[in-house]
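[1] I would like to see how this sequence folds:
(chains A and B)
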Amino acid sequence: MKLLLIEDDRATASYVQQGLAELGHACDHAETGLDGLTAALTNRYDAIILDRNLPQLDGLSVLQALRSQGQTTPVLILSALGQVDDRIKGLDAGSDDYLTKPFSFGELMARIAAIVRRGSGAATATTTLQVGDLELDLLARSAKRGARRIELLNKEFQLLEYFMRHAGQVVTRTMLLEAAWDYSFDPGTNVIDVHVSRLRGKLEHGEEPPLLHTVRGAGYQLDAR
Amino acid sequence: MTRVSRPRRRPQAAAFRGALWITLIAVVTTVAALSVQHFQTVRVLKIELKHLLEGEADALVLRYRDGGLGGLANYIDEQTRTQRRDVVYMVSDGAGRRLAGNVLVWPSGLAAEHLAITTVQVRRGGQVQSRRIEAEVRTLGPGTRLLVGHLADSRIALGRRYWMSLALSVLATAVLGLSLGWLVSRRGVRVVRAAADTGDRFLSGHLDERLKVSPRDDEFDRLAEVFNACLDEIERMVRSLRAATDGLAHDLKTPLTRIKARLELAALRGQEVPQQDILSETARDLDALLALVNGLLVLARADATTADSFVALDLAAVAQEAYDLYAPLAEDAGQHLLLQLSPAPARGVSSLLLHATANLIDNAIKYGSPGGQIVVATGIEGAASSLTIGDQGPGIAPDARDRAVQRFSRLDESRSTPGSGLGLSLVATVARVHRGQLVLADNQPGLRAELRLPLSPGRDLRPARAAKEITGETARVIGTEG
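    A predicted model of the protein is given here:
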């Protein structure tokens, strides 16, 4: 992937760049909003990581300028402003996701992977989702693994749907919390873990191969390996 | 802290000013009342007199027509001799000579046939006097005129009496007004001065200073109550700020000290890159620090909530959602989370109420007894919608309940149990911004935490008033926290 990082804090920028380089991604860096906008308009990127507080031109203005030029490159906003209002403002301005500082690199990578895939048009209107022998019928709201029917509670269904839409990707606890609960508060990672482990218990019976994997230090991954 | 109010050079000035105003108002009122009364009386008397004189004059004119000048003169003589009446007469010819009556000279300029006031020479009881009269004039024949007059003595006396009583009244009013006004004003001024003195002492550090509230229960007492309530609030904030600062310092320093110690240890060992265990422990400490900062931000945001962000909601729905979130966690902890929901309408911010409920359930799971029940109930109780969470754990001792909701307070003195110490204080803050209360009580056994929100939007369930209702029970009302 080729990414553009628009961030005025050099320490954060170099930390993100190093992490991306280790994973084999190329990353350009711009320190001001104006430089970032120029770079974004002159090169093609898979995704843009945009800080909100920038010199010369703030993040939201950069984003609006990009979108008004017809640029649809996925954008993830990074910001210390984490209130619901700020998130909504960011998403309204045309960003694809919003991540609050301080963040973990795992969280950042998982979210970039998610928006890049969404940008490539993978998440189209489907009525069934399939991962391995696991099948989810969105209309009948039923789940099957092979021939076995899986009874799911409402929240569990929402969680599984999110997992299946992001199959093969790392999904963080915060992403799950936002997707399935829409809370503005963090009830503690423990709560999410318990819900995921319940779901896992329903998905993986007896000799069935594992589907829902724990990714250490990052989150979970639904994958029929 | 300093004294705010300077010593005043004229300490009684406000009381005197008050008395003066009261007196001025009373005097003006008195003068107005007396004047209206006087002029009304004078008007009535004047009308009566006019009727009297006109009647007399008309009677004399008739007598003149019947008996001529002689008959009229006889009648007038008879009338004047009796002296019984204050009426005077004169009949004069065209040259102004007196033909009959006891007025000696026709008053110059008196011609019109209507009531007029003039001065005349009158013979009464053998003496000639100069008197003010009110006179009525009639023309009897060519040049012959009749004057009927009434001595104006009573009118003059009345006027004099008016001025006299006016002066006396004003004097009495002034004396009474000044003294009573002084007394009344002094009560007000005394209250104000007591408030200023109390405020001064409060500011100089005596946070327990309060105004006395008299049993009269008047406006001054209401003022004193409000003033005291303000002082209560300030004292609460000052004390909680002190406690919070101590707690915050402790909670920030502990993980920071650990991180520093670990890094120093790594440096001592000459490690180029710290070992994995040091890294993961440091990451955990940093997570705790971030959680603390986030907790504080959440609390600050909750604290700044105003009623314009409220919407109509049902606490039962809030409880249901919190239940869905925590039921698996409770089950894993070996506890039975039970729901007893009936409608509990309220107005508020549902995310805040959910957060508060989640904190209460989280506490119940953390501190409840293994294998015990946690009951989440909603419903209407009196004027309040209530959401109750009862566990069967050790509960909180009655005297520790106030402290339990203060920021950074942990009932475990060593502060070694996990948690930021912000959970219950967030619940109390959420209750307060919703004009409700958090009531902690004995669940026999366990803790029973009740979130009470006003049923109707105008009501305010917060303590000060509510605290009185609950005194004597084991419950502690905590709508305000530290």
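
[2] Can you give the strand pairings for the longest strand along chain B, parallel or anti for each?
    Assignment by DSSP state E gives strand B:127-139 as the longest strand of chain B. Here strand B:127-139 has these sheet partners by DSSP bridges: strand B:116-124 (antiparallel), strand B:145-151 (antiparallel).

[3] Can you find the helix or strand of the chain with the lowest average pLDDT?
    This is for chain A. Counting by mean pLDDT, DSSP states H and E, the weakest-scoring helix or strand in chain A turns out to be helix A:84-92, with a mean of 79.

[4] wrong one, I was asking about chain B
    Per-SSE averages on chain B (mean pLDDT, DSSP H and E): minimum helix B:466-470, a mean of 37.

[5] tally of neighbours for residue 206?
    Reading this off chain A. 5 (other CB atoms under 10 Å in any protein chain shown). Backbone N, C-alpha and C define where each C-beta goes, glycine included.

[6] nope, chain B please
    The tally of other residues near residue B:206 (other CB under 10 Å) stands at 12.

[7] where's it relative to residue B:199, distance?
    Noted for residue B:206: a distance of 11 Å to residue B:199, by CB to CB, to the nearest Å.

[8] Let's test this: what are the backbone torsions at the residue in the stretch 51-200 of chain B positioned nearest to chain A?
    Closest residue of the stretch 51-200 of chain B to chain A, CB to the nearest CB: residue B:199 (38.0 Å). Phi and psi for residue B:199, reported as degrees, to the nearest 10, are phi -60, psi -40.

[9] Model confidence score at it, please.
    Residue B:199 carries a pLDDT value of 89.

[10] What of residue A:137?
    Note on residue A:137: pLDDT of 90.

[11] cool, and residue B:335?
    Residue B:335 is assigned 91 on the pLDDT scale.

[12] And for residue B:291?
    Looking at residue B:291, the pLDDT reads 82.

[13] Am I right that it is in a helix?
    Yes. Counting by DSSP: H, G, I helix; E, B strand; the rest coil, residue B:291 is found in a helix.

[14] Give me the neighbour count for it.
    With other CB under 10 Å as criterion, residue B:291 counts 16.

[15] next one: residue A:214
    14.

[16] what's the helix or strand it falls within packed up against?
    If you go by DSSP states H and E, residue A:214 is part of strand A:212-215. Counting contacts by 3 or more CB pairs under 8 Å, 6 or more residues apart in numbering or on different chains; DSSP states H and E, strand A:212-215 packs against helix A:189-203, strand A:219-222.

[17] That one - which strands sit beside it in the sheet, and in what orientation?
    Applying DSSP bridges, strand A:212-215 is found paired with strand A:219-222 (antiparallel).

[18] Would you map the helices across the chain?
    Looking at chain A here, since you left the chain open. Here chain A has its helices, by DSSP state H, at A:10-22, A:33-42, A:59-68, A:84-92, A:105-119, A:154-165, A:173-176, A:189-203.

[19] meant chain B, my bad for not saying
    Under DSSP H, chain B gives helices at B:13-82, B:153-203, B:219-268, B:276-303, B:315-332, B:350-367, B:401-404, B:423-433, B:466-470.

[20] Residue B:290 touches residue A:101, doesn't it?
    No. With contact defined as CB atoms under 8 Å, residue B:290 does not reach residue A:101; the gap is 10.2 Å.

[21] Get me the contact residues on the stretch 251-400 of chain B for chain A.
    Within the stretch 251-400 of chain B, the positions adjacent to chain A are B:290, B:294, B:298, B:301, B:324-326, B:328-329, B:332, B:351, B:354-355, B:358, B:362 by CB under 8 Å from any CB of the partner chain.

[22] circling back: report how many residues lie close to the residue of the stretch 51-200 of chain B closest to chain A.
    By other CB under 10 Å, neighbour count at residue B:199 equals 18.

[23] coming back round to it: pipe the helices of chain A into JSON lines and attach mean neighbour count and distance to chain B per row.
    Formatted as JSON lines, the helices of chain A follow (neighbours: other CB atoms under 10 Å in any protein chain shown; distance: least, CB to the nearest CB, whole Å):
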{"stretch": "helix A:10-22", "mean neighbour count": "14", "distance to chain B": "14"}
{"stretch": "helix A:33-42", "mean neighbour count": "18", "distance to chain B": "26"}
{"stretch": "helix A:59-68", "mean neighbour count": "19", "distance to chain B": "21"}
{"stretch": "helix A:84-92", "mean neighbour count": "15", "distance to chain B": "8"}
{"stretch": "helix A:105-119", "mean neighbour count": "19", "distance to chain B": "12"}
{"stretch": "helix A:154-165", "mean neighbour count": "19", "distance to chain B": "6"}
{"stretch": "helix A:173-176", "mean neighbour count": "21", "distance to chain B": "12"}
{"stretch": "helix A:189-203", "mean neighbour count": "18", "distance to chain B": "5"}
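
[24] Now do residue 42, the pLDDT please.
    As the question left the chain open, I've gone with chain A. pLDDT recorded at residue A:42 is 89.

[25] if you could check chain B rather than the one you did, that'd help
    85.

[26] quick one: contacts for it?
    Applying CB atoms under 8 Å, 6 or more residues apart in numbering or on different chains, we find residue B:42 in contact with B:155, B:158-159.

[27] roughly how far apart are it and residue B:49?
    10 Å.

[28] same deal with residue A:107?
    108 Å.

[29] number of nearby residues for the nearest residue to residue A:150 once chain neighbours are set aside?
    What sits nearest to residue A:150 in space, not counting adjacent residues and going by CB to CB, 6 or more residues apart in numbering or on different chains, is residue A:143, at 4.2 Å. As a burial measure, residue A:143 scores 22 neighbours (other CB under 10 Å).
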